[in-house]
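**Student:** What follows is a predicted protein model with its sequence.
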Amino acid sequence: MKIDMGLIGASSVECGPIAADAERRGFDAVWASESVTDAFLQSQAALLSTSRLTVGTAIAVAFARNPMSTAYAAWDLAGMSQGRFVLGLGSQIQAHIERRFSMPWSAPAARMRDYLLALDAIFTSWREGTRLDYQGAVYQHTLMTPTFTPKHHDHRIPVMIAAVGERMTALGAELCDGLLLHGMTTSAYLDDVTLPAVERGLAASGRSRDAVELYVPLFLVMGDTEEQVAEVTRKTREQIAFYASTPAYSRVLDTVGYGDLQPELQALSRQGRWADMAHLIDDDLLDAIAVTGSPDDMPELCKARFGGRVDRISSYYGWPVDDPDRLAGILSRFHDDPTTDTEGA
């Protein structure tokens, strides 16, 4: 299992030092996030500050851009980093695409399929020098002259997409190098929904499970003191309540018997009663989604629950460990081969 670090909420100025520190401490990758700034700017800062670390976008908002503009950014980042860049894309939701980005929206899985195929056509044209002639249902790219063709390089650009539902998950397993899963998940949801959809997508493309990487930023509730654990628990309850108020996650709640909670949380969110929402996330639901324990126990706890299910993880709220030697020792144990079966296996 690989252990990564998320850069959500970090500015482009902050990303460079954070990524350099992550590389020194032994993380395998950092993931830029399109929250407070452009994910490609974050990625560039991280890549310029590191020499070994994989840097990916988790996510760059696909439908806020056209495939050509995304391809130019990804191609340049892959070239400048000697192939250390991973392009992670997400659809976002309709309200943000239409009202925040003022871009068109349509059925997301179908649109994403067209987007991925268009990207592949563009990359192929640049890599092989062939004529660009992509004419899809949503995107059409039929013009590429030498003046606008970027400098050649041979670095392959892995592409991953964010997925919660079955259709997007199957699409990613069919066409992509990996899937960016959501921390708002349970082992039951992975077993009942995510992994079967992955298998369907792999079957459609004739590939095996090792062809795709599954990454998930986990809610790791950890600390060395009761006060630290209590603070992360509070934040985690609030974040779970926020996500659970969205209909897209109702099926996640169904897998652990909390499906009726989603409309209640949604009603409270529309009233702006955020504090009341967190109180509805009881200990059983918290334990089904989050992993709780000391930082030193996390490698074994995460592998016991997610080993054999996902390939790489990160901690949603970072690591409350100041001693670099201690943290390096903890991180190294994530790389050990799992010695226990997965839950329920």
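**Tutor:** Right, received. Where do you want to start? Not measured: the values here are computed from a predicted model.
**Student:** Pull up the distance across stretch 176-191, start to finish.
**Tutor:** Stretch 176-191 has an end-to-end distance of 20 Å (CA to CA, to the nearest Å).
**Student:** And for stretch 155-171?
**Tutor:** 24 Å.
**Student:** Which strand or helix spans Val86?
**Tutor:** Secondary structure assignment for Val86, by DSSP states H and E: strand 85-90.
**Student:** Show me how far that strand is from its chain's centre.
**Tutor:** Between the centre of strand 85-90 and the centre of its chain there are 9 Å (CA atoms, centre = their mean, to the nearest Å).
**Student:** residues in contact with the following helix or strand past it?
**Tutor:** Sequence order places helix 94-95 as the next helix or strand after strand 85-90, per DSSP H and E. Contacts to helix 94-95, defined as CB atoms under 8 Å, 6 or more residues apart in numbering, come from residues Trp105. All C-beta atoms are positioned from the backbone trio N, CA, C, and that covers glycine.
**Student:** Likewise for stretch 246-264?
**Tutor:** 93, 164-165, 182, 184-186, 188-189, 192-193, 243-245, 266, 280, 284-285, 288.
**Student:** got it, and stretch 116-134?
**Tutor:** 67-68, 70-71, 75, 136, 139-144, 149-150, 152, 154, 157, 159, 161, 171, 175-176.
**Student:** repeat that with 6 Å
**Tutor:** For stretch 116-134, contacts defined as CB atoms under 6 Å, 6 or more residues apart in numbering pick out Pro67, Ala71, Gly136, Tyr139, His141, Thr142, Met144, Leu175.
**Student:** what's the spacing between the second one and Asp322?
**Tutor:** Ala71 sits 41 Å away from Asp322, taking CB to CB, to the nearest Å as the criterion.
**Student:** and these two? which has more neighbours close in?
**Tutor:** Ala71 (23 against 8; other CB atoms under 10 Å).
**Student:** ok, the more buried one - contacts?
**Tutor:** Here Ala71 is in contact with Leu119, Ile122 (CB under 6 Å, 6+ apart).
**Student:** I'd like the secondary structure assignment at it, please.
**Tutor:** Under DSSP: H, G, I helix; E, B strand; the rest coil, Ala71 falls in the helix class.
**Student:** partner strands of the strand holding Val86, parallel or antiparallel?
**Tutor:** Under the criterion DSSP bridges, strand 85-90 sits next to strand 54-57 (parallel), strand 60-61 (parallel), strand 159-162 (parallel) in its sheet.
**Student:** any idea how far the shortest one is from the chain center?
**Tutor:** So that's strand 60-61. How far strand 60-61 lies from its chain's middle: 11 Å, per CA atoms, centre = their mean.
**Student:** Ok, stretch 101-114 next?
**Tutor:** Centroid separation between stretch 101-114 and its chain, computed with CA atoms, centre = their mean, is 19 Å.
**Student:** cool, stretch 281-296 as well?
**Tutor:** Distance of stretch 281-296 from the chain centroid (CA atoms, centre = their mean) equals 20 Å.
**Student:** Any buried residues in it, and which?
**Tutor:** By neighbour count with 16 or more other CB atoms under 10 Å, stretch 281-296 contains the buried residues Ile281, Leu285, Leu286, Ala288, Ile289, Ala290, Val291, Thr292, Pro295.
**Student:** Please apply the same query to stretch 22-40.
**Tutor:** With burial defined by 16+ other CB under 10 Å, the residues of stretch 22-40 counted as buried are 22-23, 25-34, 37-40.
**Student:** go on, stretch 117-131?
**Tutor:** Buried, per 16+ other CB under 10 Å, within stretch 117-131: Leu117, Ala118, Leu119, Ala121, Ile122, Phe123, Ser125, Trp126.
**Student:** pull the CA atoms of the helix ranked longest in the chain into PDB?
**Tutor:** Longest helix in the chain, counting residues (DSSP state H): helix 108-128. The C-alpha coordinates for helix 108-128 follow below in PDB (Å, rounded to 0.1, in the frame of the first residue of the first chain):
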ATOM      1  CA  PRO A 108     -21.500  13.200 -16.600                       C
ATOM      2  CA  ALA A 109     -20.400   9.600 -17.300                       C
ATOM      3  CA  ALA A 110     -21.100  10.000 -21.100                       C
ATOM      4  CA  ARG A 111     -19.500  13.400 -21.100                       C
ATOM      5  CA  MET A 112     -16.400  12.100 -19.300                       C
ATOM      6  CA  ARG A 113     -16.100   9.200 -21.700                       C
ATOM      7  CA  ASP A 114     -16.000  11.600 -24.600                       C
ATOM      8  CA  TYR A 115     -13.500  13.800 -22.700                       C
ATOM      9  CA  LEU A 116     -11.200  10.900 -22.100                       C
ATOM     10  CA  LEU A 117     -11.300   9.700 -25.700                       C
ATOM     11  CA  ALA A 118     -10.600  13.300 -26.900                       C
ATOM     12  CA  LEU A 119      -7.600  13.600 -24.600                       C
ATOM     13  CA  ASP A 120      -6.200  10.300 -25.900                       C
ATOM     14  CA  ALA A 121      -6.600  11.500 -29.500                       C
ATOM     15  CA  ILE A 122      -4.800  14.700 -28.700                       C
ATOM     16  CA  PHE A 123      -1.900  13.000 -26.900                       C
ATOM     17  CA  THR A 124      -1.600  10.400 -29.700                       C
ATOM     18  CA  SER A 125      -1.500  13.200 -32.300                       C
ATOM     19  CA  TRP A 126       1.300  14.900 -30.400                       C
ATOM     20  CA  ARG A 127       3.200  11.800 -29.600                       C
ATOM     21  CA  GLU A 128       3.000  10.100 -33.000                       C
END
